[in-house]
Structures are given as structure tokens and as C-alpha cells.
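# Can you look at this prediction? I've put the sequence above it.
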Amino acid sequence: MTHSFAVHIPDAELEPEPLDPAQIVSGTPEVTGKVVWESEDGRQVRGIWQITPGVVTDTEADELFVVISGSATIEVEGGETLTVGPGDLAVLREGDRTTWTVHETLRKAYAINL
């Protein structure tokens, strides 16, 4: 998109995104998402992401996100444990190894720099 726009995040329709089974620690979490904007060079991505309850691991990109609904605890290896819920803004650093314990289906709006 090359023009300004607005998206109502709580009602946005999301598409299934594959989750590597090796990332699942427990439960049967499912991930959906939608990219709403990407820079021409692909190095900046803005979107909406959702995950159902369960425990998963990840290696993060440089990301800022705001939780719209749901809750999770994010353990950052060698760092802080973040507890996030609606209205919380969080920053993850590129290369952070994390374990996400999703308590209630979590939906977030994100901005990633690659």
C-alpha cells in the first residue's frame, strides 16, 4: 500500500500461518496473521498477529507490538520475563530467544524491522 489507511484490529480477518511443530512446547497453539503494510525493500513490516493458548518458542526480529486482546507471559532467555495483556506495548530485540506462554488467545498489532 502506498497510501494512508486505518484497520480496525479487533475485527480484522486473519489468515492461517504455519507454526513449525518444533516450536511447540505444549498445547495445540494456532497462529493467524495479516500483513497490512510492507516497505518496498521488505525490511519493514506492519501487521496483525494472533496465537491461541499454548507454549511456543521463537527467535525474535526487532519488533514493537501492542496487545489488543488476550494475555501471555514471554520469557526472554537471559533477560526479563514480560507479562502482557490488552493495551501493553512491548519491544523485542533481534535475536532474542523467547518462550511464549499464551494464557488467552492473544492478538497484537506489530511493527518489525528486518
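Perfect, thanks for sending it. Residues are numbered from 1 along each chain as shown.

# okay, CA-based contacts and neighbour counts for the rest of this
OK.

# Confirm residue 75 sits in a helix?
No - counting by DSSP: H, G, I helix; E, B strand; the rest coil, residue 75 falls outside a helix, being strand.

# wait, what's in contact with it?
Counting by CA atoms under 8 Å, 6 or more residues apart in numbering, residue 75 touches 81-82, 98-100.

# Can I get those in CSV including pLDDT and distance to residue 40?
Shown next, in CSV, are these (pLDDT from 0 to 100; distance: CA to CA, whole Å):
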residue, pLDDT, distance to residue 40
81, 98, 34
82, 98, 32
98, 98, 29
99, 98, 31
100, 98, 31
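
# What subset of these is buried?
The neighbour-count test (16 or more other CA atoms under 10 Å) marks 98-100 as buried among the contacts of residue 75.

# one step back: among the contacts of residue 75, which ones are in strands?
Mapping those onto strands (DSSP state E) picks out 81-82, 98-100.

# Test my guess that residue 103 contacts residue 56.
No - using CA atoms under 8 Å, residue 103 makes no contact with residue 56, being 11.8 Å away.

# Looking at the two, which has the bigger crowd around it?
The neighbour count for residue 103 versus residue 56, taken as other CA atoms under 10 Å, is higher for residue 56 (23 against 15).

# Which residue comes closest to the residue positioned nearest the centre of the chain once chain neighbours are left out?
Residue closest to the average C-alpha location in the chain (CA atoms, centre = their mean): residue 49, at 5.0 Å. Spatial nearest neighbour of residue 49, excluding adjacent residues (CA to CA, 6 or more residues apart in numbering): residue 33 at 4.2 Å.

# Next: residue 18.
For residue 18, ignoring the flanking residues on the chain, the nearest one in space by CA to CA, 6+ apart is residue 31 at 6.9 Å.

# what's the neighbour count on that neighbour?
Using other CA under 10 Å, residue 31 has 18 other residues around it.

# re the thing from before, distance to residue 67 for the contacts of residue 75 - can I get that in JSON lines?
Formatted as JSON lines, the contacts of residue 75 follow (distance: CA to CA, whole Å):
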{"residue": "81", "distance to residue 67": "16"}
{"residue": "82", "distance to residue 67": "12"}
{"residue": "98", "distance to residue 67": "17"}
{"residue": "99", "distance to residue 67": "17"}
{"residue": "100", "distance to residue 67": "14"}
